[in-house]
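**Q** sequence first, predicted model second:
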Amino acid sequence: MICMATVFQTIFVYHGLQIHDYSFATECFCYLILLGIIPIVYASHVFNKDKIIEITEDMNKDFLNIYQLDARHK
């Protein structure tokens with residue numbers, strides 16, 4: 001679905017440039033950038049899932065360690 005929306009936004013950018021409606025073309029280009037970022041972020045989460053879980057668990061351990069310190073050490 002994102003691929004189809006990206007294709008439509010590309011067509012809209014091209015159409016906006018052809019009819020010299022630069023505000024329309026700029027708006028469509030911004031949407032095109034936003035639509036292009038979604039698969040990149042999703043793919044990075046899928047491929048780095050283990051690393052993200054490891055970092056989250058380490059942060060939880062650090063939080064529990066800091067939480068147990070006395071007030072003067074915080």
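**A** Perfect, thanks for sending it.

**Q** can you tell me the element the residue sitting nearest the centre point of the chain falls in?
**A** If you average the C-alpha coordinates of the chain and look for the closest C-alpha using Cα atoms, centre = their mean, you land on residue 41, 4.4 Å from that point. Assigned by DSSP states H and E, residue 41 belongs to helix 22-47.

**Q** give the other helices and strands that that helix contacts.
**A** In terms of contacts (3 or more Cβ pairs under 8 Å, 6 or more residues apart in numbering; DSSP states H and E), helix 22-47 is packed against helix 2-18. Bear in mind the C-beta positions are built from the backbone N, C-alpha and C, glycine included.

**Q** quick one: contacts of the helix it packs on?
**A** Helix 2-18 has contacts (Cβ atoms under 8 Å, 6 or more residues apart in numbering) with 22, 24, 25, 26, 28, 29, 31, 32, 35, 36, 38, 39.

**Q** so it versus helix 22-47, what angle?
**A** Helix 2-18 and helix 22-47 are oriented at 160 degrees to each other (axes from the mean of the first three to the mean of the last three Cα atoms, to 10 degrees).

**Q** can you tell me how far residue 30 is from residue 16?
**A** 12 Å (Cβ to Cβ, to the nearest Å).

**Q** ok, back up a step: show me what the very next helix or strand once past the helix holding residue 41 is packed against.
**A** Sequence-wise, the next helix or strand downstream of helix 22-47 (DSSP H and E) is helix 49-67. Helix 49-67 sits against no helix or strand, with contacts defined as 3+ Cβ pairs under 8 Å, 6+ apart.

**Q** now helix 49-67: buried residues?
**A** Of all the residues in helix 49-67, not one is buried under the rule 16 or more other Cβ atoms under 10 Å.

**Q** coming back round to it: what is the mean pLDDT for the helix holding residue 41?
**A** When pLDDT is averaged along helix 22-47, the result is 91.
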